[in-house]
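Asks: here's my sequence, what's the structure:
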Amino acid sequence: MTPADWLDAPVTAAHVWALIVLCGLGTWLLRSSFIVVAGGRELPRWMTRALRYVPPAVLAALVVPALLQADVLFSPAWDWTRTAAGLVAAAVALTRRIVLTLVVGMAALWTFMALG
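Replies: Numbers count the residues shown, from 1 in each chain. Alright, predicted model coming up:
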């Protein structure tokens, strides 16, 4: 079978499930390798300090695009309610109270959606 034949071959359910299992195994191996390699060792101080910033960076990477909706920013399809609720939640987040930030942010979003 030539490589060109692979492109024309039909994709079966078995192929899809094999791909899902292989991808799951690959991600599990990548995640567990760090635990296995570094599990019994103490991390260097510089790495521990750097790892403190990973959760806020990941959260920002997930939240900011959803709030700004960069693909439709300031177009007729842009929905101001998410951005406004995000700004309210950001202001409350300065108090460093996580549950309060979530509650006020959701309340602001629902209020702005009702107004909007």
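
Asks: for the rest of this, base every contact and every neighbour count on C-alpha atoms.
Replies: Noted.

Asks: show me the domain layout of the protein.
Replies: For the chain, automatic domain parsing gives the domain ranges 1-41, 54-116.

Asks: right, and the helix or strand after the helix ranked longest in the chain?
Replies: Taking DSSP state H as the criterion, the chain has its longest helix at helix 13-38. Using DSSP states H and E, the next helix or strand after helix 13-38 towards the C-terminus is helix 45-51.

Asks: and stretch 63-72, what's buried?
Replies: By neighbour count on 16 or more other Cα atoms under 10 Å, the buried set for stretch 63-72 is Leu67, Leu68, Gln69.

Asks: what mean pLDDT does the longest helix of the chain get?
Replies: Helix 13-38 comes out with an average pLDDT of 91.

Asks: ok now that helix, how far from the chain's centre?
Replies: Between the centre of helix 13-38 and the centre of its chain there are 19 Å (Cα atoms, centre = their mean, to the nearest Å).

Asks: so which elements touch that helix?
Replies: Here helix 13-38 touches no other helix or strand, going by 3 or more Cα pairs under 8 Å, 6 or more residues apart in numbering; DSSP states H and E.

Asks: can you report how many residues lie near Leu115?
Replies: 8 (other Cα atoms under 10 Å).

Asks: identify the residues contacting Val72.
Replies: Applying Cα atoms under 8 Å, 6 or more residues apart in numbering, we find Val72 in contact with Trp78.

Asks: before we move on, back to that, lowest pLDDT pick from the buried residues of stretch 63-72?
Replies: On pLDDT alone, Gln69 ranks lowest of the buried residues of stretch 63-72, at 74.

Asks: now that one. Nearest residue, chain neighbours left out?
Replies: Distance criterion Cα to Cα, 6 or more residues apart in numbering; nearest residue to Gln69, sequence neighbours excluded, is Trp78 at 7.2 Å.
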